[in-house]
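Novice: Here is my input; please provide its structure:
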Amino acid sequence: MVAIKTHQAAEYLRSPPDNVRAVLLYGADSGLVSERARALAANLAARENPPGDILRFDDDSLAEDPQRMAVELQTRPMFGGSKIVRATAGRRVDAEAVRPLLEGGGLEGFLIVEAQNLAPTAPLRKLFEGAANAAAIACYADEARDLSRLVTEVADAAGLAIDAEAKSVLIERLGADRALSRSEIDKLALYAHGRRTITLEDVEAVVGDTSEANLDRIVMAVAGRRLAEALSSCDRAIAAGESPQAIILAIQRHFLRLHRVRAALDSGQSQDAALKLLRPPVFYKQQAEFTAHCRAWTLAALTAAIEFTAASALKARLDSALEAAIAEAMVLRLCRGGSQGGKR
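Specialist: Sure, this is the predicted structure:
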């Protein structure tokens, strides 16, 4: 029975025991789950001679041949190099599908399963924690000490030092989602390439507030009616600690700004003149998308959307236990067609 403690996870994944042939990575931080799965697969492949093949499976890839994952894991390659399988938990990758692999004794490859947050009673988690040849590792949102370690790791790999003040400000600006944090740190290291030290000026120039960036991503996806992106971004932001009420208010602000510009356009003002009415002005990198939103939404639809977001904000304030569900329902409804009484 192996349930790895959070502080032991990084070291364990660098070199899992030889008797362990399967690892479950689960948690609300999907970025950290994915990063750890990718690193573990690469480490396992590299220690094979010849290097092992890394395969990916999920519900879609197993739709036509549900047994393919099991076949790959139970087949010994003719010329060596074990197969490493990364699988995303779902209807076809669940406890019942994995149990025969762990308990049947025929596991030739290495299985890595990535899952969302799992309760202690979840069948998949119980299976991995109870199997002698498997391990389960929880992936929780990064705390300050984890981010500090990540900053140092990336800077060292790039041959860079980082000023103490710069590091402190950087950590404050990074969110709890590992994938987004690493992306920002990598971008900073690339910006400072060719120099010895990352300074506060570098951080100010490159790294914005991750929370603000998360909200912008949600807002733009909602107004652009990109449902899958909007829901995914909303879920990730909430998992990273963002307030659902902040998400609702950010969307409401965006529609208020769209309404002002659309009203000006409908009254005969030019696009440039209409945009100049906004304070703060639209960020230059978002101007094209913002104006596309103005064209896509009628004034009546924007009015209805504003009324709907205001009602959602009130509901969330009155019932904070349901604020996440209210925010997601609002995102869903706006993406699918605005709100009652407002159509494009």
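Novice: So for the longest helix seen in the chain, what gets flagged as buried?
Specialist: Longest helix of the chain, by residue count under DSSP state H: helix 244-266. Buried residues in helix 244-266, defined by neighbour count with 16 or more other CB atoms under 10 Å: 244-252, 254-255, 257-265. Every residue, glycine included, has its C-beta placed from N, CA and C.
Novice: what's the first-to-last distance across stretch 5-13?
Specialist: In stretch 5-13, first residue to last residue: 12 Å (CA to CA, to the nearest Å).
Novice: check contacts around the nearest residue to A305 once chain neighbours are set aside.
Specialist: Setting aside the residues directly before and after it, A305 is nearest to F255 in space (CB to CB, 6 or more residues apart in numbering), at 4.8 Å. With contacts defined as CB atoms under 8 Å, 6 or more residues apart in numbering, F255 is in contact with 223, 302, 305-306, 309.
Novice: Turn those into JSON lines, columns for neighbour count, pLDDT and secondary structure.
Specialist: Putting the contacts of F255 into JSON lines (neighbours: other CB atoms under 10 Å; pLDDT from 0 to 100; DSSP: H, G, I helix; E, B strand; the rest coil) gives the following:
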{"residue": "A223", "neighbour count": "25", "pLDDT": "93", "secondary structure": "helix"}
{"residue": "L302", "neighbour count": "25", "pLDDT": "92", "secondary structure": "helix"}
{"residue": "A305", "neighbour count": "27", "pLDDT": "92", "secondary structure": "helix"}
{"residue": "I306", "neighbour count": "20", "pLDDT": "92", "secondary structure": "helix"}
{"residue": "T309", "neighbour count": "23", "pLDDT": "92", "secondary structure": "helix"}
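Novice: Can you tell me which of these is nearest L40?
Specialist: Each of these was scored against L40 by CB to CB, and A223 proved nearest at 38.2 Å.
Novice: The nearest residue to T88 once chain neighbours are set aside: neighbouring residues, count only.
Specialist: Nearest residue to T88, sequence neighbours excluded (CB to CB, 6+ apart): D58, at 4.1 Å. D58 has 17 neighbours, counted by other CB atoms under 10 Å.
Novice: mind checking how far D58 is from A316?
Specialist: Using CB to CB, to the nearest Å, one gets 33 Å for the distance from D58 to A316.
Novice: again, but for A327
Specialist: Distance of A327 to A316, computed by CB to CB: 7 Å.
Novice: Show me whatever sits in contact with both of these two.
Specialist: Common contacts of A327 and A316 (CB under 8 Å, 6+ apart): 244-245, 248.
Novice: Please export the C-alpha coordinates of stretch 315-335 as CSV.
Specialist: The C-alpha trace of stretch 315-335 is given here as CSV (Å, rounded to 0.1, in the frame of the first residue of the first chain):
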residue,chain,number,x,y,z
LYS,A,315,-27.1,35.2,-6.0
ALA,A,316,-23.4,34.4,-5.3
ARG,A,317,-23.3,37.0,-2.6
LEU,A,318,-26.4,35.6,-0.9
ASP,A,319,-25.3,32.0,-1.1
SER,A,320,-21.5,31.7,-1.1
ALA,A,321,-21.7,27.9,-0.7
LEU,A,322,-23.0,27.8,-4.3
GLU,A,323,-20.9,30.6,-5.8
ALA,A,324,-18.7,28.3,-7.9
ALA,A,325,-21.8,26.6,-9.4
ILE,A,326,-23.4,30.0,-10.0
ALA,A,327,-20.3,31.3,-11.8
GLU,A,328,-20.1,28.2,-14.0
ALA,A,329,-23.8,28.3,-14.8
MET,A,330,-23.5,31.9,-15.8
VAL,A,331,-20.5,31.2,-18.1
LEU,A,332,-22.4,28.3,-19.7
ARG,A,333,-25.5,30.3,-20.4
LEU,A,334,-23.6,33.3,-21.8
CYS,A,335,-21.6,31.2,-24.1
